[in-house]
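Engineer: The amino acid sequence is not available; the structure is as follows:
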Ligand code: GLC
């Protein structure tokens with residue numbers, strides 16, 4: 001089956017968050033299953049041209065308000081996956097991937113250029129797999145263009161983060177020719193609800209999925225629905241969840257070049273050396289008996305990092321614990337963490353930085369990995385930490401709920417520590433449970449080993465995506481036949 005995987009990010013060419021990791025690894029797993037998956041992405045100025053080793057395959061005229069625009073089309077090979085890159089100086093020749101006022105127009109342009117390039121791209125997709133709002137308007141356009149060579153393709157739309165929607169208004173729709181039929185909501189929902197690329201993807205795809213089963217249920221509720229839960233409920237029959245995997249070659253404690261010592265589930269003693277090295281780098285006492293908590297994340301409210309200082313304050317004051325944090329994000333969160341560090345200089349180190357090699361050292365050296373997210377569509381950090389024997393401590397939400405099994409009272413089962421409400425007190429209690437378990441080395445080792453023996457590679461998810469593609473194709477064929 002031919003699948004065109006459309007994404008705003010793909011590691012290593014462009015990576016802002018988890019979407020980049022998924023687009024950089026799921027297509028490889030699908031190709032290994034025999035699917036001909038190819039990726040389409042904008043050719044940002046930030047893409048490392050040497051890494052991409054792309055060749056220009058031509059140029060297209062893109063219909064656009066105020067006259068046609070010319071866009072270059074390039075083809076790269078990234079770890080065996082063909083990647084089509086759309087180049088346009090005005091739209092993508094900027095210093096970062098996202099964060100501009102005209103983002104909805106930029107990504108609509110990407111979609112339109114791709115449609116214009118169908119003659120250049122020697123590939124007819126049986127399925128179009130659009131990722132997040134940036135790729136969603138491709139499905140809107142195809143529904144309006146029955147004669148386009150790709151119009152018969154089944155479509156799958158994957159939501160990686162429902163809160164980021166690519167909002168627009170009636171003026172935008174009129175300006176860019178998004179017609180009345182495309183804006184018509186299902187059922188009797190208000191028209192306003194259709195005014196975002198996210199809503200368009202949900203409304204126009206043959207199948208909608210998100211990156212965990214729990215998040216797929218959560219987004220149907222007012223609490224997690226980000227204003228689109230009525231639309232999602234209207235389309236509930238085609239909404240499902242598939243938990244992400246991670247690349248088991250890239251993330252492997254046995255070969256990871258950023259680690260001081262390599263280890264496996266059977267040689268966990270060697271891991272102690274990584275912990276020591278991390279403590280040294282952090283300027284903390286090299287105390288094997290202290291429970292070293294680690295955090296690697298973007299420091300935003302979504303991630304629940306504001307809960308950490310009040311929860312950890314008593315844990316650090318009374319228990320033998322340390323904390324290292326790596327990430328950047330909101331200024332207010334930076335300040336809270338800096339204040340915590342100042343109060344516990346001998347126990348806390350905060351690196352306000354984006355630094356993947358240091359991140360790996362935390363996965364490979366910390367005892368316990370914290371993810372107190374308010375919401376988490378899937379989450380990749382807990383999957384990496386399970387693989388690396390850093391016991392995850394997470395909030396029961398989204399993909400965290402689906403991938404971490406709570407340690408029981410006797411500490412004989414479970415792969416991590418799970419707490420319920422997004423409040424500092426519950427987080428504190430979970431940290432104290434972790435401290436108590438850590439005081440029993442044999443029981444702690446068993447928790448690490450149960451986590452490390454699980455398989456969160458892309459195998460299972462790949463099989464489920466292949467099924468979803470078949471379903472999307474069949475439903476599109478049925479619609480065309482009707
Ligand atoms: C987004 C979500 C994260 C998910 C990732 C990849 O970044 O916030 O939970 O793991 O997308 O699907």
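Structural biologist: Looks like it came in fine. None of the values given here were measured: they were computed from a predicted structure. Numbers count the residues shown, from 1 in each chain.
Engineer: can you pull the buried residues of stretch 106-125?
Structural biologist: Neighbour-count burial for stretch 106-125 flags 106-118, 121, 125 (criterion: 16 or more other Cβ atoms under 10 Å). No exception for glycine: its C-beta is placed from N, CA and C like everyone else's.
Engineer: Packing partners of the helix or strand encompassing residue 113?
Structural biologist: Per DSSP states H and E: residue 113 is located in helix 103-116. If you count contacts as 3 or more Cβ pairs under 8 Å, 6 or more residues apart in numbering; DSSP states H and E, helix 103-116 packs onto strand 36-42, strand 55-62, strand 69-78, strand 81-87, helix 89-92, helix 132-144, helix 197-204.
Engineer: want to throw the ones you listed into JSON lines with mean neighbour count?
Structural biologist: Formatted as JSON lines, the helices and strands packed on helix 103-116 follow (neighbours: other Cβ atoms under 10 Å):
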{"stretch": "strand 36-42", "mean neighbour count": "23"}
{"stretch": "strand 55-62", "mean neighbour count": "14"}
{"stretch": "strand 69-78", "mean neighbour count": "19"}
{"stretch": "strand 81-87", "mean neighbour count": "22"}
{"stretch": "helix 89-92", "mean neighbour count": "17"}
{"stretch": "helix 132-144", "mean neighbour count": "24"}
{"stretch": "helix 197-204", "mean neighbour count": "26"}
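Engineer: Looking at those, spot the one closest to residue 334.
Structural biologist: Closest approach to residue 334 among the helices and strands packed on helix 103-116 is made by helix 132-144 (26.6 Å; Cβ to Cβ).
Engineer: rewinding a little: what angle separates the helix holding residue 113 from strand 81-87?
Structural biologist: Orientation check (axes from the mean of the first three to the mean of the last three Cα atoms, to 10 degrees): helix 103-116 against strand 81-87 gives 120 degrees.
Engineer: Residue 336 contacts residue 306, correct?
Structural biologist: Yes - if you go by Cβ atoms under 8 Å, residue 336 and residue 306 touch, sitting 6.3 Å apart.
Engineer: now, among the buried residues of stretch 106-125, which is nearest to the ligand?
Structural biologist: The nearest member of these to the ligand, counting by Cβ to the nearest ligand atom, is residue 107 at 16.5 Å.
Engineer: The closest one is in contact with residue 166, isn't it?
Structural biologist: Yes - if you go by Cβ under 8 Å, residue 107 and residue 166 touch, sitting 6.7 Å apart.
Engineer: what's the closest non-adjacent residue to residue 230?
Structural biologist: residue 189 (5.6 Å; Cβ to Cβ, 6 or more residues apart in numbering).
Engineer: Specify the local secondary structure of residue 155.
Structural biologist: At residue 155 the chain is in strand, as set by DSSP: H, G, I helix; E, B strand; the rest coil.
Engineer: quick one: it from residue 315, how far?
Structural biologist: Taking Cβ to Cβ, to the nearest Å as the measure, residue 155 falls 48 Å from residue 315.
Engineer: Looking at those two, which one has more neighbours?
Structural biologist: Counted by other Cβ atoms under 10 Å, residue 155 and residue 315 do not tie: residue 155 has more neighbours, with 28 against 22.
Engineer: distance of residue 212 from residue 30?
Structural biologist: To residue 30, residue 212 is 19 Å away according to Cβ to Cβ.
Engineer: And for residue 345?
Structural biologist: Distance, residue 345 to residue 30, by Cβ to Cβ: 48 Å.
Engineer: more neighbours, the two?
Structural biologist: Comparing residue 345 with residue 30 by other Cβ under 10 Å, the one with more neighbours is residue 30, at 24 against 10.
Engineer: so that one sits in a helix?
Structural biologist: Yes - the assignment for residue 30 is a helix, going by three-state DSSP.
Engineer: Would you indicate which residues of the strand or helix carrying residue 430 are buried?
Structural biologist: Using DSSP H and E, residue 430 sits within helix 424-438. Using 16+ other Cβ under 10 Å as the burial criterion, the residues of helix 424-438 that qualify are 424, 426-428, 430-435, 437-438.
Engineer: In the stretch 151-300 of the chain, what residue comes closest to the ligand?
Structural biologist: For the stretch 151-300 of the chain, Cβ to the nearest ligand atom, closest residue to the ligand: residue 160, 3.5 Å.
Engineer: Revised request: answer the last question for the chain.
Structural biologist: Nearest to the ligand, among the residues of the chain, is residue 18, at 2.7 Å (Cβ to the nearest ligand atom).
Engineer: any idea what sits nearest that residue, other than its immediate chain neighbours?
Structural biologist: residue 380 (5.0 Å).
Engineer: surely residue 40 meets residue 76?
Structural biologist: No - using Cβ under 8 Å, residue 40 makes no contact with residue 76, being 11.0 Å away.
Engineer: Now do the shared contacts for those two.
Structural biologist: Overlap of the contact sets of residue 40 and residue 76 (by Cβ atoms under 8 Å, 6 or more residues apart in numbering) consists of 83, 85.
Engineer: What about residue 64, how many residues nearby?
Structural biologist: So residue 64, with other Cβ under 10 Å, has 19 neighbours.
Engineer: which ones are touching it?
Structural biologist: By Cβ under 8 Å, 6+ apart, the contact set of residue 64 is 109, 112.
Engineer: redo that, cut-off 10 Å
Structural biologist: 70-71, 88, 105, 108-109, 112-113, 116, 176-177 (Cβ atoms under 10 Å, 6 or more residues apart in numbering).
Engineer: try residue 365
Structural biologist: Residue 365 touches 259-261, 271-279, 281-282, 292, 294, 324, 388-390, counting by Cβ under 10 Å, 6+ apart.
Engineer: could you give the angle of the helix or strand hosting residue 24 to helix 132-144?
Structural biologist: In the assignment (DSSP H and E), residue 24 maps to helix 18-32. Orientation check (the same axes, to 10 degrees): helix 18-32 against helix 132-144 gives 60 degrees.
Engineer: how much distance is there from helix 18-32 to the middle of the chain?
Structural biologist: Chain-centre distance of helix 18-32: 11 Å, with Cα atoms, centre = their mean, to the nearest Å.
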